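Peer 1: the following comprises the amino acid sequence and a computationally predicted model.
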Amino acid sequence: MAKADPNPSKPIEPNSDGSPLLYRRMLPYLQPVKGRFILGILIGVAAAAFNVVILQSFEIIFSLVLRGQTENMGKNFDFFGINLNPARLLGVPDDTAVSFQIALVACACIPVLFAIRGLLEYLNKYCLAWVGNKMLYAIRNDTFASILKQSPAFFGGSKAGELIQTVFNQTSVAQRNAVQLVQLVTSSPLKVIAILSLLFWKYPFFTFMSLFVFPLCVLPVVRLSKRVKKSGRQEEEQAGAMLTAMHESFGGIRLVKAYSRESYEVARFEQANNAMSLNAIRWQRASEMAGPIVESVASLGISVGLLYWWKMEYEAGAFMLVILALTQLYPPAKELSKANLLLQKTAYAVSNVVAILDREPDIKDKPNAIILPKIKGEVSLENVTFTYRNQEGQPLDQPAVKAISLKLDPGKFYAFVGPSGAGKSTLFSLLLRFYEPDSGRVLIDGIDVRSVTQQSLRENIGIVSQDTFLFHDTIRENIRYGRLNATEEEIVAAAKKSHAHDFIMAQNKGYDTVVGDAGCNLSGGQKQRLSIARAVLRNAPILLLDEATSALDTETERIIQDAIHQLSEGKTVIAIAHRLSTIMEADQIVVMREGRIQAVGTHAELLATSELYQNLNALQFHET
């Protein structure tokens, strides 16, 4: 089993050495569909073997047709070890001439033979394509799930566009080219072996003379594979950069518009798009070069063989059969020449997907983790210290929180105040187990949060933050996100408690109104009320309020505060606030600075005893 990354914020650096071992990681996804896969391979084998049947049949057809009516039907043919005589097969004398009707029937067999081979090849490709799409479905699901299992530190060091590129495009590249490689290494070699076996059996010296120049193809193709490997990696990297530019431009469209940076964003996109296009052209140029090299070498072999045929004074009909066999031989040979190029080009995409699939999250449940039941809401911090790390995995100079010890009783209202960077939000992240402390413990109802499952822990915690996120979905589904099995009545009740019902009903489609990307069709206050409704529906014993009203006007803040008051009843409420007016009624206010607790008390007590709190109060209320 892979180990958790000691540096979760470091971007993934896949091993793109092009080793076929990477593709072995895809084998577990083949297991559920191995029946259809084996069927596809067997049909591919049959299609390859049928090439020999076609060539043997063409030998008979050419012998009957090319000499016209002067040829009789009594000639014996060796058809896979069977002595086949067309005259005896039809029950006519051996000296019976080939009539127009016989020639017509013989020629009519040609499209029938090719139709049968075409059907077999279609079934082979369809079966493998079906298998590939089933594999892609499972690979994409697992890749997406693996990314979502990572901690916030991982996302802090990753670009969203590149992660989207991995899930959507690189999984497709891995699946598609794995299937193509299977087709190449099963069907194409069998075709080559089958045709060569027939040619060597019938015309060994001619076949040898035609093929002895083939090794000349190897060196150029090997040199091309090195170029393709580099181009393939760069193409995937630039595709990730292009998706990142798109994601950031669309996500920050209001900022882009406000600063009139449309031209700048277009230029940034064009730069990545241009680099990706150039690398795609390099790959295509190198890939397509393999085919002409093989054909040119093959033509030399045919020329040498033709001189030998002239010297031996063989029949023209037999030579046509041999040329037909060689023309059937070169397409699969060309495809095989591209196999290594294909492997090299897709190595980066495959290794990136494998790196994601095999990455263990740095925050994960213990094997014996228990499910946390419905809790009372007591929170304890015992000598907790935590330091963030940079992208190289080195701890920063100063811990975010230092030796924090605090006990919060259930059902009470607590507030954390202090200047920016004091460590307030870090404590929230530790409580939610987004990170784990370097030392000390975080306890819920006396239970260490590291000993319970992450899902059961977070089901006991509701959160309302200043950065409200809404999905591009209906109002109903955005509220339901708090508890997925909630009924319509519960959703409406939650909306009423959060003072959202009236504005929802004022929308054209009520609860079926689509809020737009990130809730762009709603005001800040409306989005905040939906966020509160989501928390109401969750009904968790612990409620975290992270600057929930900091960006709202006074009237909207009053409405939100009333909604939060109803939401807070009977819960342990922990709030981060810069506006002291919103937390004056807190049972306890915790004053923090530089990662340490400076003072704890009520508003009145802190005004009398804490210089830092006095300064914060003076700044907000303009006291002198």
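Peer 2: Now that the structure is in, tell me what you want to look at. Numbers count the residues shown, from 1 in each chain.
Peer 1: where does L552 land on pLDDT?
Peer 2: According to the prediction, L552 has pLDDT 55.
Peer 1: just N460 next, same as before
Peer 2: 91.
Peer 1: show the backbone phi and psi for it.
Peer 2: phi -90, psi 10 (degrees, to the nearest 10).
Peer 1: where exactly do the helices run in the stretch 401-550 of the chain?
Peer 2: Ranges of helices within the stretch 401-550 of the chain are 424-431, 454-459, 475-480, 488-497, 501-505, 524-538, based on DSSP state H, counting those that start in this stretch.
Peer 1: can you pull the alpha-carbon coordinates of the longest one into PDB?
Peer 2: This points to helix 524-538. The C-alpha coordinates for helix 524-538 follow below in PDB (Å, rounded to 0.1, in the frame of the first residue of the first chain):
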ATOM      1  CA  GLY A 524     -24.600  38.400  -0.800                       C
ATOM      2  CA  GLY A 525     -27.200  38.400   1.900                       C
ATOM      3  CA  GLN A 526     -29.400  35.900   0.000                       C
ATOM      4  CA  LYS A 527     -26.500  33.500  -0.500                       C
ATOM      5  CA  GLN A 528     -25.700  33.800   3.200                       C
ATOM      6  CA  ARG A 529     -29.200  32.900   4.200                       C
ATOM      7  CA  LEU A 530     -29.200  29.800   2.000                       C
ATOM      8  CA  SER A 531     -25.900  28.900   3.700                       C
ATOM      9  CA  ILE A 532     -27.600  29.200   7.100                       C
ATOM     10  CA  ALA A 533     -30.600  27.200   5.900                       C
ATOM     11  CA  ARG A 534     -28.100  24.500   4.900                       C
ATOM     12  CA  ALA A 535     -26.600  24.500   8.400                       C
ATOM     13  CA  VAL A 536     -30.200  24.500   9.900                       C
ATOM     14  CA  LEU A 537     -31.000  21.400   7.900                       C
ATOM     15  CA  ARG A 538     -27.800  19.700   9.100                       C
END
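Peer 1: any idea of the mean pLDDT in that helix?
Peer 2: If you average the pLDDT over helix 524-538, you get 85.
Peer 1: same question for the third one.
Peer 2: Taken as a whole, helix 475-480 carries a mean pLDDT of 91.
Peer 1: can you name the residues in contact with that helix?
Peer 2: By C-beta atoms under 8 Å, 6 or more residues apart in numbering, the surrounding residues in contact with helix 475-480 are 470-471, 486, 488, 491, 494-495, 504, 507, 510-513, 515, 519, 530, 533-534, 537. For the C-beta atoms, the positions are set from N, CA and C on the backbone; glycine is no exception.
Peer 1: which of those residues are buried, as a ChimeraX select command?
Peer 2: Per 16 or more other C-beta atoms under 10 Å, the buried members of these correspond to this ChimeraX selection:
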select :470,486,491,494,495,504,507,511,513,515,519,530,533,534,537
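Peer 1: which secondary structure element contains the closest residue in space to T346 that isn't next to it in sequence?
Peer 2: Nearest non-adjacent residue to T346, counting by C-beta to C-beta, 6 or more residues apart in numbering: N177, 4.3 Å away. With elements taken from DSSP states H and E, the one containing N177 is helix 171-202.
Peer 1: that helix packs against which elements?
Peer 2: helix 34-65, helix 100-149, helix 204-211, helix 316-358 (3 or more C-beta pairs under 8 Å, 6 or more residues apart in numbering; DSSP states H and E).
Peer 1: pick out the residue closest to the middle of the protein.
Peer 2: V167 (1.3 Å; C-alpha atoms, centre = their mean).
Peer 1: you'd agree that one is up against A145?
Peer 2: No - counting by C-beta atoms under 8 Å, V167 does not reach A145; the two are 10.0 Å apart.
Peer 1: quick one, which of the helices and strands packed on helix 171-202 is packed in tightest?
Peer 2: helix 316-358 (a mean of 21; mean count of other C-beta atoms under 10 Å).
Peer 1: mean confidence for it?
Peer 2: For helix 316-358, the mean pLDDT works out to 73.
Peer 1: C-terminal to it, what's the next element?
Peer 2: strand 379-386.
Peer 1: and D397, which of the three is it?
Peer 2: Judged by DSSP: H, G, I helix; E, B strand; the rest coil, the three-state class of D397 is coil.
Peer 1: any idea how far it is from S63?
Peer 2: 89 Å (C-beta to C-beta, to the nearest Å).
Peer 1: can you tell me the helix or strand for A599?
Peer 2: Using DSSP H and E, A599 falls in strand 596-601.
Peer 1: ok so, going back, need the winner for burial among the helices of the stretch 401-550 of the chain.
Peer 2: Most buried of those, by mean neighbour count (mean count of other C-beta under 10 Å): helix 524-538, with a mean of 25.
Peer 1: for that helix, packing partners?
Peer 2: On a contact count with 3+ C-beta pairs under 8 Å, 6+ apart, helix 524-538 meets strand 461-465, helix 475-480, helix 488-497, helix 554-568.
Peer 1: the inter-axis angle of it versus strand 461-465?
Peer 2: On the basis of axes from the mean of the first three to the mean of the last three C-alpha atoms, to 10 degrees, helix 524-538 is oriented at 180 degrees to strand 461-465.
Peer 1: could the helices and strands packed on helix 524-538 go into TSV alongside distance to I102?
Peer 2: Output for the helices and strands packed on helix 524-538, formatted as TSV (distance: least, C-beta to C-beta, whole Å):
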stretch	distance to I102
strand 461-465	86
helix 475-480	73
helix 488-497	79
helix 554-568	92
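Peer 1: S151 is nearest to which of those?
Peer 2: Proximity to S151 (C-beta to C-beta) singles out strand 461-465 among the helices and strands packed on helix 524-538, at 16.2 Å.
Peer 1: report all helices and strands that that closest one contacts.
Peer 2: helix 524-538, strand 542-546, helix 554-568.
Peer 1: could you dump the helices of the stretch 401-550 of the chain to a markdown table with distance to I116?
Peer 2: What follows is those, written out as a markdown table (distance: least, C-beta to C-beta, whole Å):
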| stretch | distance to I116 |
| --- | --- |
| helix 424-431 | 65 |
| helix 454-459 | 56 |
| helix 475-480 | 53 |
| helix 488-497 | 59 |
| helix 501-505 | 64 |
| helix 524-538 | 62 |
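Peer 1: closest one to C107 among those?
Peer 2: Among those, the nearest to C107 by C-beta to C-beta is helix 475-480 (65.3 Å).
Peer 1: I564 reaches V464, doesn't it?
Peer 2: Yes - I564 is in contact with V464 according to C-beta under 8 Å; the separation is 7.1 Å.
Peer 1: and these two? which has more neighbours close in?
Peer 2: When I564 and V464 are compared for neighbours, V464 comes out ahead with 26 against 22, by other C-beta atoms under 10 Å.
Peer 1: got a list of what the more buried one touches?
Peer 2: 528, 531-532, 535, 543-546, 548, 564, 567 are the contacts of V464 under C-beta under 8 Å, 6+ apart.
Peer 1: picking up where we left off before, and the residue nearest to the centre of the chain, what does it touch?
Peer 2: 140, 143-144, 147.
Peer 1: can you check L336 too?
Peer 2: Counting by C-beta under 8 Å, 6+ apart, L336 has contacts 184, 188-189, 192.
Peer 1: least confident of these?
Peer 2: Ranked by pLDDT, those bottom out at L184, which has 71.
Peer 1: that one and A103: what is the separation?
Peer 2: Remark: distance between L184 and A103 (C-beta to C-beta) = 39 Å.
Peer 1: check whether the residue nearest to T346 really touches V353, as I assumed.
Peer 2: No - using C-beta under 8 Å, N177 is not in contact with V353; the gap is 11.3 Å.
Peer 1: where are the low-confidence patches of the stretch 401-550 of the chain?
Peer 2: Counting by pLDDT under 70, the stretch 401-550 of the chain contains low-confidence ranges at 548-550.
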